[in-house]
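# Below is the sequence, then the predicted model.
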Amino acid sequence: RTQIAEQQKRLEALKGDEKLKREIEFETKLRALLADYNYSLRNVIALLDPNAAKTATAPVRGARRERALKRYKNPNNGEVVETKGGNHKVLKAWKEQYGAETVESWLQ
């Protein structure tokens, strides 16, 4: 019951707050003006600050470490393959022919 009484006191204090009244009045008039011109708050923000949409929607990405360049040298024919990933055509063929463990031992 004391919480209800406290809440009612706060509500009465807010009703008498001139600053809050002016803020509510401003918001009401602003929303009416937006409706008159068929604008949304997003339209107004984009109009006032064109860069706001770009900065707000830009995805936050962590700095991802670049893959290291790997060099494989085939001792049988001296051919060298440089790759940053394991999806290299020649490297796959070597792994199929000689076995993945053997090809990994060719890493320089």
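Ah, there it is.

# which stretch of helix or strand covers the residue of the chain most remote from its centre?
Most distant residue from the mean C-alpha position of the chain: residue 76, 47.9 Å away (Cα atoms, centre = their mean). Under the criterion DSSP states H and E, no helix or strand holds residue 76.

# And the pLDDT for it?
Per-residue confidence (pLDDT) for residue 76: 90.

# Residue for residue, what is the longest helix this protein has?
helix 18-36 (DSSP state H).

# sec struct for residue 71, please.
State at residue 71, reduced to three classes by DSSP: H, G, I helix; E, B strand; the rest coil: strand.

# so what's the spatially closest residue to it that is not a sequence neighbour scoring on pLDDT?
Leaving out its chain neighbours, the residue that sits closest to residue 71 by Cβ to Cβ, 6 or more residues apart in numbering is residue 108, at 4.6 Å. The way it works is simple: take the backbone N, C-alpha and C, and place the C-beta from them, glycine included. At residue 108, the model reports a pLDDT of 85.
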